[in-house]
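Novice: have a look at this prediction, sequence included:
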Amino acid sequence: MLDVLTTPWWEWNSATASPWDWLYRTFNLAEATAWMTFAGLVLRRWLQHRHSPLELAYAGAFVTFGLTDVAEAWQHTLALLLMKGVVLVALLWLRAISMRRWHPGSRLY
């Protein structure tokens, strides 16, 4: 069972990378940068208002999701896909709480 979770479906190899591999890797690294930027914005907002430690968890979820994109730029495994799903659910749940309770006028983050 562990092999099913950890066996890579795709791995980055610069020596054999196709144009698609380069594009896909670049996209994942750019996406990771975007998630880290959102984490910074949420953290900055928390530093200004300090509504709840849940906002820190919200920023942490963005960081974690960004890190999964960095990992995805190197290889794909079922474990990574499952982790991304769990983090995405947590991110959406924390966003819903944050937007409803403390920032109802905000639409982006």
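Specialist: Nice, thanks for sending it over. Bear in mind the structure is a predicted one, so any value in this text is a computation, not a measurement. Numbers count the residues shown, from 1 in each chain.
Novice: roughly how far out does stretch 51-69 sit from the chain middle?
Specialist: With Cα atoms, centre = their mean, to the nearest Å as the basis, stretch 51-69 stands 8 Å off its chain's centre.
Novice: how much space between Leu2 and Leu78?
Specialist: Per Cβ to Cβ, to the nearest Å, Leu2 is found 10 Å from Leu78. The C-beta positions use only the backbone N, C-alpha and C, and glycine is treated the same way.
Novice: the two - which one has more neighbours?
Specialist: Leu78 (14 against 7; other Cβ atoms under 10 Å).
Novice: secondary structure element holding the closest residue to that one other than its chain neighbours?
Specialist: Ranked by Cβ to Cβ, 6 or more residues apart in numbering and with sequence neighbours excluded, the top spatial neighbour of Leu78 is Leu5, at 5.0 Å. Assigning secondary structure by DSSP states H and E places Leu5 in helix 2-6.
Novice: what residue is smack in the middle of this protein?
Specialist: Centroid check for the chain by Cα atoms, centre = their mean gives Phe65 as the closest residue, at 1.6 Å.
Novice: hang on, isn't it packed against Leu94?
Specialist: No: contact criterion Cβ atoms under 8 Å: Phe65 and Leu94 do not qualify, at 11.0 Å.
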